[in-house]
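Trainee: What would the 3D arrangement of this be:
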Amino acid sequence: MTETLQRKPDYVLLAAVGILVLLGLVMVYSASFMRSYADTGDQLYYTLRQMNAAVIGAIALLAAQRIDYRVWRRFSVHLMAGTLFLLVLTLILPASMTEANGARSWIRIGAFSMQPSEIAKLTMVIYFADWLSRRGEKLTNVTYGLAPFALMLGVVCGLVILGRDLGTTIVLVVIAGMVYFAAGANLLHIIGAAIVAGSAFWGLINVAAYRQERIAAWTDPFAHYQGAGYQPVHALYALGSGGLFGAGIGQARQKFFWLPEAHTDAIFAIIGEEFGLIGTLFVVTCFLVIAYRGMRIAGRSPDPFAALLATGITCWLVFQALINIAVVTTLIPFTGLTLPFISYGGTSLTTCMAAAGILLNISRHTGNASPGEAHETVTQSGRSESIARLAGWWRNRRSRLSGAGRRRSTQRAWGAIRRR
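Mentor: Numbering: from 1, shown residues only. All right, here's what the predicted structure looks like:
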């Protein structure tokens, strides 16, 4: 096998993640100190827990960016099996150990707590990146491609939805769908699966009264102020009162027991109130940077597994952020999802930072040089043929969405390279 040329990690991506994490620590304290004091008598309770998670997450990020991304491929099945086990535990353990805000998605043992559904996002990306990259041309076959893919996705999402966590289920489906699409699946299969998934979600909304209330509150939150519209209304108050430049750090009023979950799901509204439109646009820009750098890394990945892994991680982080921001601004109905890297939540923060570390490791194998620059560099060391093929794969990949034929030719090209 041709030796992989390693470079420095993508520092632009690392900087964007670091800025969001530091901003998150500041905003968790600002948004939670009153609630923290009321709940525990210590205004730093939530902040200190978030800082501990940030330290663990930083260690996970640094370790993941040093571990060769191909190592995760060897343990993809083990990781998925462990995640399924944890998801099952949330359903069979006593509600006092698993339930929060009506959803059974936690595991609490003494001072230790974790949320398996957050871990499921990362392990599912690793598992499907491995599985789909091995399918080759079988991926376009319903029996060998779509059916087993839908079965595994259905098992994971089924366990999450049994815990009454529809928001995470939506994220899991979208992540898996994006990885499946990027792998070169038949577009008709994807459309058919999307119709089935959409029908299933609509059915889940109609069978639960509280979800119907959220839809009604979304259409007119002020008419449902005493019920499901209470949080959306106060999120809008926070964003509106922030104006262009905000009221100043620590000066938000809605966090004083007006806006529910101000330090978790609705923290973007507090950012808007304290830093104004400028602050919210800054956060959005950071996520756009992550989106651009992540997809750039995916496009220059050295093999299909790396490309799918980078695509899945990037889509997860950016799409979840998009959903959270859309919920807070009432562009879509309310659903409980954290804002990656910023919202309070130890499992979410640690998992997101570990995922960013994996993305950084892939960037070390691909580098930030253009295909022409990489070709010139490796020619000097006698590996011009390898990079020429890599550059050819990159050019094909950018146009691979135009037809299944190009996708199949790309897969055959990669197979030829691996055999050599």
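
Trainee: so what pLDDT did Arg408 get?
Mentor: pLDDT recorded at Arg408 is 46.

Trainee: Please read the previous query as pertaining to Thr335.
Mentor: At Thr335, pLDDT is 84.

Trainee: Contacts only, for it.
Mentor: Leu166, Gly167, Ile170, Arg214, Ile323, Val327 (C-beta atoms under 8 Å, 6 or more residues apart in numbering). Backbone N, C-alpha and C define where each C-beta goes, glycine included.

Trainee: would you list those residues in a markdown table and tack on neighbour count and secondary structure?
Mentor: Shown next, in a markdown table, are those (neighbours: other C-beta atoms under 10 Å; DSSP: H, G, I helix; E, B strand; the rest coil):
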| residue | neighbour count | secondary structure |
| --- | --- | --- |
| Leu166 | 21 | helix |
| Gly167 | 20 | helix |
| Ile170 | 21 | helix |
| Arg214 | 24 | helix |
| Ile323 | 19 | helix |
| Val327 | 26 | helix |
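
Trainee: I'd like the residues you listed laid out as CSV, including distance to Asp39 and pLDDT.
Mentor: Listed next are these as CSV, based on distance: C-beta to C-beta, whole Å; pLDDT from 0 to 100:
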residue, distance to Asp39, pLDDT
Leu166, 26, 85
Gly167, 23, 87
Ile170, 29, 91
Arg214, 25, 84
Ile323, 27, 95
Val327, 24, 94
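
Trainee: Assess the claim that Arg164 and Trp106 are in contact.
Mentor: No: using C-beta atoms under 8 Å, Arg164 is not in contact with Trp106; the gap is 11.9 Å.

Trainee: which sections of the protein are below the confidence cut-off?
Mentor: Where the chain drops to pLDDT under 70, the residues are 1-6, 367-420.

Trainee: Relative to Leu159, how far out is Ile56?
Mentor: Applying C-beta to C-beta, to the nearest Å, the value for Ile56 to Leu159 is 25 Å.

Trainee: With neighbour numbers in mind, choose between the two.
Mentor: The neighbour count for Ile56 versus Leu159, taken as other C-beta atoms under 10 Å, is higher for Leu159 (21 against 15).

Trainee: With adjacent residues omitted, what lies nearest to that one?
Mentor: Leu87 (4.0 Å; C-beta to C-beta, 6 or more residues apart in numbering).

Trainee: Which other helices and strands does the helix or strand harbouring the one you found contact?
Mentor: Following DSSP states H and E, one finds Leu87 within helix 76-92. Helix 76-92 makes packing contacts with helix 95-98, strand 107-109, helix 116-135, helix 147-162 when contacts are defined by 3 or more C-beta pairs under 8 Å, 6 or more residues apart in numbering; DSSP states H and E.

Trainee: Go again with 10 Å.
Mentor: Where contact means 3 or more C-beta pairs under 10 Å, 6 or more residues apart in numbering; DSSP states H and E, helix 76-92 is packed against helix 95-98, strand 103-104, strand 107-109, helix 116-135, helix 147-162.
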